[in-house]
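**Q** make a model of this:
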Amino acid sequence: MIAAVAGWALVRPFSARPLSARWRLLPAILAVLALRGGSLPDVRHHTLSAEVLAAELALGLVLGVGWEGASRVWRESDGTEWSRGTRAAAFVRAGGLVHRAALWAAGVAAGLARGSDGLLLALAVILQARGGALAWRLKRLPPEAGPAGGPEGRSPAVIRPVDGIRTTAAGTVLS
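**A** Numbering: from 1, shown residues only. Sure, this is the predicted structure:
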């Protein structure tokens with residue numbers, strides 16, 4: 001189940017989709033599951049476990065903000081808000097996976113018991129940080145901003161597709 005949720009949360013944002021209020025629920029659900037799991041922190045190595053967990057959560061915060069910063073956001077003329085991950089967002093995610101693997105390996109080498117609770121909590125932080133950055137970016141968009149925010153004052157009907165994103169205003173997709 002954890003692999004399915006993590007896979008869904010990691011792959012879904014790379015396709016253009018309208019945003020809904022449901023995306024705000026997943027971080028809370030993941031955090032509750034992680035905290036109820038009972039393996040945070042490792043009772044044999046309390047201090048080291050807390051330090052590794054803090055490093056994972058700090059990395060999650062940076063990754064979430066970086067991931068959103070490398071995404072495209074726009075608002076259609078009907079007010080629907082959209083988001084799509086870019087190649088740069090994929091590189092942010094790949095770098096994050098490498099760093100998380102290094103933290104996990106360091107924890108295992110130090111003798112920490114590594115369960116899935118730390119991963120779930122870090123994923124919740126990543127998604128919450130991304131959601132906060134997304135909300136901040138959407139708040140700054142003009143009322144009818146095309147892909148990537150578009151120049152202020154331009155009608156979405158004259159905005160061209162950006163990075164292969166199909167929009168109602170643009171009509172077609174560029175490869």
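**Q** so what's G96 up against?
**A** Shown in contact with G96 (C-beta atoms under 8 Å, 6 or more residues apart in numbering): 59, 63, 66-67, 126. C-beta: built from backbone N, CA, C; applies to glycine.
**Q** give me the sheet partners of the one helix or strand V73 maps to and which way each runs.
**A** Here V73, judged by DSSP states H and E, is contained in strand 71-75. Applying DSSP bridges, strand 71-75 is found paired with strand 81-85 (antiparallel).
**Q** skipping its backbone neighbours, what lies nearest G69 in space?
**A** Excluding the flanking residues, the one nearest G69 by C-beta to C-beta, 6 or more residues apart in numbering is A133, at 6.6 Å.
**Q** my bad, Q128
**A** P27 (4.1 Å).
**Q** hang on, isn't the one you found packed against G131?
**A** Yes - with contacts counted by C-beta atoms under 8 Å, P27 reaches G131, the gap being 6.7 Å.
**Q** out of those two, which sits in the more crowded spot?
**A** It is P27, of P27 and G131, that has more neighbours when counted by other C-beta atoms under 10 Å, with 22 against 17.
**Q** what pLDDT, on average, does the strand or helix carrying that one get?
**A** In the assignment (DSSP H and E), P27 maps to helix 25-36. The average pLDDT for helix 25-36 rounds to 87.
**Q** so which bits of it are buried?
**A** Using 16 or more other C-beta atoms under 10 Å as the test for burial, helix 25-36 gives 26-27, 30-31, 33-34.
**Q** can you pull the alpha-carbon coordinates of the helix or strand that comes right after that helix into PDB?
**A** Sequence order places helix 46-69 as the next helix or strand after helix 25-36, per DSSP H and E. This file holds the C-alpha atoms of helix 46-69, laid out as PDB (Å, rounded to 0.1, in the frame of the first residue of the first chain):
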ATOM      1  CA  HIS A  46      16.900   7.900  20.300                       C
ATOM      2  CA  THR A  47      19.200  10.900  19.700                       C
ATOM      3  CA  LEU A  48      20.700   9.600  16.400                       C
ATOM      4  CA  SER A  49      17.200   8.600  15.200                       C
ATOM      5  CA  ALA A  50      15.900  12.100  15.900                       C
ATOM      6  CA  GLU A  51      18.800  13.700  14.100                       C
ATOM      7  CA  VAL A  52      18.300  11.500  11.000                       C
ATOM      8  CA  LEU A  53      14.600  12.100  11.000                       C
ATOM      9  CA  ALA A  54      15.200  15.900  11.300                       C
ATOM     10  CA  ALA A  55      17.600  15.700   8.300                       C
ATOM     11  CA  GLU A  56      14.900  13.800   6.300                       C
ATOM     12  CA  LEU A  57      12.200  16.300   7.200                       C
ATOM     13  CA  ALA A  58      14.500  19.300   6.300                       C
ATOM     14  CA  LEU A  59      15.400  17.600   3.000                       C
ATOM     15  CA  GLY A  60      11.600  17.000   2.400                       C
ATOM     16  CA  LEU A  61      10.900  20.700   3.000                       C
ATOM     17  CA  VAL A  62      13.600  21.700   0.500                       C
ATOM     18  CA  LEU A  63      12.500  19.100  -2.100                       C
ATOM     19  CA  GLY A  64       8.800  20.100  -1.800                       C
ATOM     20  CA  VAL A  65       9.500  23.800  -2.400                       C
ATOM     21  CA  GLY A  66      12.100  23.000  -5.100                       C
ATOM     22  CA  TRP A  67       9.600  20.700  -6.800                       C
ATOM     23  CA  GLU A  68       6.900  23.300  -7.000                       C
ATOM     24  CA  GLY A  69       9.300  26.000  -8.100                       C
END
